[in-house]
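A.B. asks: Turn this into a model:
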Amino acid sequence: MRIIYLTFLSIISFISNAQWAGYNGNGGDNLWSNDANWAFPSGVTELATGQRIDFYVNPETVTLDEVYTAKGLKIVAGKANNFTVTGDNTLTIDIADANQGNVNSGTFAIESASTSATTLTLDCNVTIANSVTPAQYKGVSVVSTARENTAENIIKFAAGKTLTLAGTSTTSFHGAGEVHIEGNLVGTQGILLGSNANVTIGSSSSDLSGYTGDITVASDTELTIKSNGTTKILNSKIQVNGDGNPKLTLESPDVFTPNEIRVSTKDNQTNRTLDIHCKE
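C.D. replies: Residues are numbered from 1 along each chain as shown. Down below sits the predicted model:
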């Protein structure tokens, strides 16, 4: 019985340790699929679905030459420069995939933990999946640009690519840096701008018509929505939560055709305003 017990512990330990991988580019070809480009915990020799991905080297570009599902992406604290993931495949980020339950609200899907000015560019199709069942898990995916008020940090979803917010839960953007969604946006997930978030959705080449989720802005946030003049966000609403004075800028008058833009009037939710700028 004792031997079985120890074997069971070893299996659990292996599974736990296998849930991260760090890109270091040592394989020489910058391909995501090459295991020689990755550092692993003891006992792990290959990249597996559902690992948390850390970026170690700077600056660096990796080519996503395969479809991959990650637990999350992270620029580690000591990184001082930029990192780009490029390619024609789709990178899915799922904070709780079929084998990994998440019982904590606010798990990082994408995080910059750097205290230096750093840009993470995702020049590939990205899906934030949120496959968890909201009744069972809180399942809020977080895209964080800073943990220590590094306002120069940027997370960029590149033009010509598509960010899909899948599932029925929420993706929260927060941190003192900036998030730029320069490509297409589709999906039904809600978007939440946490305190101090600065998010720009759209560009001159974006298609935003496939996004139908609702957007919530909190205290001291900035949301800019841009358009190429022919596509717009439809059937959504923008709501203000929290005190303060969030700013909404619409780069063209019809870029956002909402069911409603509203400031909450619930009990104990006062002193809320929304500074709206519409550009001709």
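A.B. asks: quick one: the strands in the stretch 1-150 of the chain?
C.D. replies: For the stretch 1-150 of the chain, the strands defined by DSSP state E, counting those that start in this stretch occupy 20-23, 38-39, 52-55, 60-63, 68-70, 72-75, 83-93, 107-112, 119-128, 141-144.
A.B. asks: nearest to Ala166, of the ones you listed?
C.D. replies: Distance to Ala166, taken as Cβ to Cβ, is lowest for strand 119-128 among these, at 5.6 Å. For glycine as for every other residue, the C-beta is placed from the backbone atoms N, C-alpha and C.
A.B. asks: what pairs with the closest one, and is each one parallel or antiparallel?
C.D. replies: strand 83-93 (parallel), strand 154-157 (parallel), strand 162-165 (parallel) (DSSP bridges).
A.B. asks: can you list these in TSV and add mean pLDDT?
C.D. replies: Shown next, in TSV, are the strands paired with strand 119-128 (pLDDT from 0 to 100):
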stretch	mean pLDDT
strand 83-93	96
strand 154-157	95
strand 162-165	96
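A.B. asks: Need the ones you listed in CSV (columns: mean neighbour count and distance to Thr107).
C.D. replies: Compiled in CSV, the strands paired with strand 119-128 are given as follows (neighbours: other Cβ atoms under 10 Å; distance: least, Cβ to Cβ, whole Å):
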stretch, mean neighbour count, distance to Thr107
strand 83-93, 19, 10
strand 154-157, 22, 16
strand 162-165, 21, 15
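A.B. asks: Throw the strands of the stretch 1-150 of the chain into a markdown table and include distance to Val240, thanks.
C.D. replies: Below are the strands of the stretch 1-150 of the chain laid out as a markdown table (distance: least, Cβ to Cβ, whole Å):
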| stretch | distance to Val240 |
| --- | --- |
| strand 20-23 | 37 |
| strand 38-39 | 43 |
| strand 52-55 | 33 |
| strand 60-63 | 39 |
| strand 68-70 | 33 |
| strand 72-75 | 29 |
| strand 83-93 | 28 |
| strand 107-112 | 24 |
| strand 119-128 | 23 |
| strand 141-144 | 20 |
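A.B. asks: what's the closest of those to Ser203?
C.D. replies: Nearest to Ser203 among the strands of the stretch 1-150 of the chain is strand 119-128; the distance by Cβ to Cβ comes to 13.6 Å.
A.B. asks: just to revisit the earlier point, Gly190: which of the strands of the stretch 1-150 of the chain is closest?
C.D. replies: strand 141-144 (10.7 Å).
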